[in-house]
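Undergrad: structure for the following, please:
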Amino acid sequence: MAMRGSAETVVGRPGPAGQLGGPLSVLVVTSEWPTANQPLLVPFIVQQVRFLREAGVDVEVFPFRGARNPENYARAWRRLRGRIRAGRHDLVHAQFGQAGALAAFPKPLPLVVTFHGDDLEGIVGDDGRYLWLGRVLRWVSQAVALRADGIVAVSRHLGRYLPHPPDAIIPTGVDFSKFRPIPMAEARARLGLPPDRKLVLFPADPAETRKRHALAERAVRLAGEADLVVAWGVPHQDVPVYMNACDVMVLTSMHEGSPTVVKEALACDMPIVAVDVGDVRERLGPVEGCVVCPDDRPETIAAGLADVLARGGRVRGREAVSNLEEAVLTAKLLEVYKLALSRARGGRRMGVAGSLARPGGDPPGPVRGVGMHLGGAGGDGGEGPTPLGGAGHGRRDHGPPPRGPVRTGAGVSG
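TA: Residues are numbered from 1 along each chain as shown. Predicted structure coming up:
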């Protein structure tokens with residue numbers, strides 16, 4: 001894997017054609033990438049790069065570390081200029097709005113930007129409050145969106161923060177060959193977990209304030225007769241083992257874009273209890289045996305956990321995320337690349353057309369007019385795109401308006 005500050009190039013088998021007749025050449029710019037000290041960072045981006053290469057795309061990764069330091073961004077901007085001049089890339093794909101800023105001002109190549117969540121929803125400080133820096137990052141991301149030739153959001157609700165609708169909603173995908181059901185007894189034996197206890201999985205960094213580990217701990221205590229298992233800092237290939245070993249997963253984040261762990265857990269047929277953030281409601285809505293909590297009080301989350309633990313068993317989650325296989329999403333991303341190249345040659349702004357159009361017309365809410373949407377029924381509405389000035393960073397600015405409780409598969413209960 002490439003280190004931050006270095007570049008990595010691998011040419012895949014013949015695939016989509018680039019501007020010069022060879023394989024399509026994409027420079028992926030990202031502010032997050034695995035390092036020797038943190039080899040498990042952003043597995044969803046690493047996975048996307050791998051599948052692009054398998055599709056025949058020539059991908060070079062340009063990682064950098066901003067660390068909220070303007071000097072780091074200036075150095076990365078200069079290095080990126082040199083790399084673009086030295087290479088023969090067809091387009092730049094920036095992961096996160098802050099990475100897009102390096103390629104957008106000026107914009108020497110067609111630019112595709114994927115917005116993941118924090119770049120639009122805000123940055124949470126150690127005290128649990130949204131930082132002013134998050135508002136600045138939102139403004140920067142909105143300016144980048146105005147310069148981009150193609151815009152991807154990982155979740156429908158992020159469209160409310162953008163100056164115009166994204167071209168595609170492409171959630172982070174799932175590698176179904178890794179995330180699949182295995183017997184619980186086998187999984188617990190492999191991990192050395194007790195065979196006779198109820199186990200609740202918390203698959204996030206407990207030190208990251210936004211994930212609210214303390215809230216998960218309190219909810220599990222209130223639910224009673226269950227232990228909280230933290231799966232963080234473990235090899236990515238062990239994550240599906242933890243998901244099969246535990247009875248239920250809990251998600252307590254302050255905000256999310258399109259949480260990959262939710263889709264991975266569903267691919268393992270694992271029950272989930274989650275607060276209503278990102279595209280969680282859309283993912284869990286069709287799945288009987290999961291719970292989307294109407295609020296983030298520990299008592300509410302505990303009640304959801306108690307219900308799921310009392311019910312027992314697994315859920316039919318894998319079929320609910322079957323359209324999120326990474327290979328399928330890679331094909332959709334390639335369509336966005338084609339659209340961006342067309343626009344850079346003088347084409348007008350439009351949604352991805354043809355077979356990728358969402359059946360039944362445009363999706364509702366803030367992405368009206370988008371030509372492609374991937375995902376199930378339901379989803380987040382919204383009040384429409386936020387002007388470049390942005391909204392404030394109070395809790396109500398992050399995620400959809402409050403709605404009634406949902407025990408998924410059972411409709412809305414009051």
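
Undergrad: when you work out contacts or count neighbours from here on, use the C-alpha atoms and nothing else.
TA: OK.

Undergrad: where along the stretch 251-400 of the chain do the strands fall?
TA: Counting by DSSP state E, counting those that start in this stretch, one finds strands in the stretch 251-400 of the chain at the ranges 272-275, 291-293, 372-373.

Undergrad: out of these, which gets nearest to residue 187?
TA: Among these, the nearest to residue 187 by C-alpha to C-alpha is strand 272-275 (17.8 Å).

Undergrad: so which elements touch the closest one?
TA: Contact here means 3 or more C-alpha pairs under 8 Å, 6 or more residues apart in numbering; DSSP states H and E; on that basis strand 272-275 packs against strand 248-251, strand 291-293, helix 298-311.

Undergrad: so what touches that strand?
TA: 248-253, 262, 265, 280, 284, 289-296, 301, 304-305, 308 (C-alpha atoms under 8 Å, 6 or more residues apart in numbering).

Undergrad: distance between that strand and the chain's centre?
TA: In terms of C-alpha atoms, centre = their mean, to the nearest Å, the centre of strand 272-275 is found 16 Å from the chain centre.

Undergrad: distance from the longest helix anywhere in the chain to the middle of the chain?
TA: Looking across the chain with DSSP state H, the single longest helix is helix 326-344. Taking C-alpha atoms, centre = their mean, the mean C-alpha location of helix 326-344 is offset from the chain mean by 17 Å.

Undergrad: what's that helix packed up against?
TA: By 3+ C-alpha pairs under 8 Å, 6+ apart, helix 326-344 packs against helix 43-54, strand 111-115, strand 150-153.

Undergrad: now these as TSV including mean neighbour count, mean pLDDT and distance to residue 207?
TA: Below are these laid out as TSV (neighbours: other C-alpha atoms under 10 Å; pLDDT from 0 to 100; distance: least, C-alpha to C-alpha, whole Å):
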stretch	mean neighbour count	mean pLDDT	distance to residue 207
helix 43-54	18	95	19
strand 111-115	28	98	24
strand 150-153	26	97	27
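
Undergrad: for these, which one sits closest to residue 185?
TA: So among these, helix 43-54 is nearest, using C-alpha to C-alpha, at 26.8 Å.

Undergrad: tell me, how many residues neighbour the nearest residue to residue 343 once chain neighbours are set aside?
TA: Excluding its sequence neighbours, the residue lying closest to residue 343 (C-alpha to C-alpha, 6 or more residues apart in numbering) is residue 149, at 6.2 Å. Neighbours of residue 149 under the rule other C-alpha atoms under 10 Å: 27.

Undergrad: need the contact list for residue 149.
TA: Residues in contact with residue 149, defined by C-alpha under 8 Å, 6+ apart, are 110, 111, 112, 339, 340, 341, 343, 344.

Undergrad: again, only using 10 Å
TA: With contact taken as C-alpha atoms under 10 Å, 6 or more residues apart in numbering, residue 149 is in contact with 91-92, 104, 109-113, 167, 336-337, 339-344, 347-349.

Undergrad: and if you look at residue 325?
TA: By C-alpha under 10 Å, 6+ apart, the neighbours of residue 325 are 172, 173, 174, 175, 176, 177, 263, 267.

Undergrad: dump those residues to JSON lines, plus neighbour count, distance to residue 227 and pLDDT.
TA: Formatted as JSON lines, the contacts of residue 325 follow (neighbours: other C-alpha atoms under 10 Å; distance: C-alpha to C-alpha, whole Å; pLDDT from 0 to 100):
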{"residue": "172", "neighbour count": "25", "distance to residue 227": "29", "pLDDT": "89"}
{"residue": "173", "neighbour count": "26", "distance to residue 227": "29", "pLDDT": "90"}
{"residue": "174", "neighbour count": "28", "distance to residue 227": "27", "pLDDT": "91"}
{"residue": "175", "neighbour count": "18", "distance to residue 227": "28", "pLDDT": "90"}
{"residue": "176", "neighbour count": "18", "distance to residue 227": "28", "pLDDT": "93"}
{"residue": "177", "neighbour count": "8", "distance to residue 227": "29", "pLDDT": "92"}
{"residue": "263", "neighbour count": "28", "distance to residue 227": "23", "pLDDT": "96"}
{"residue": "267", "neighbour count": "29", "distance to residue 227": "23", "pLDDT": "97"}
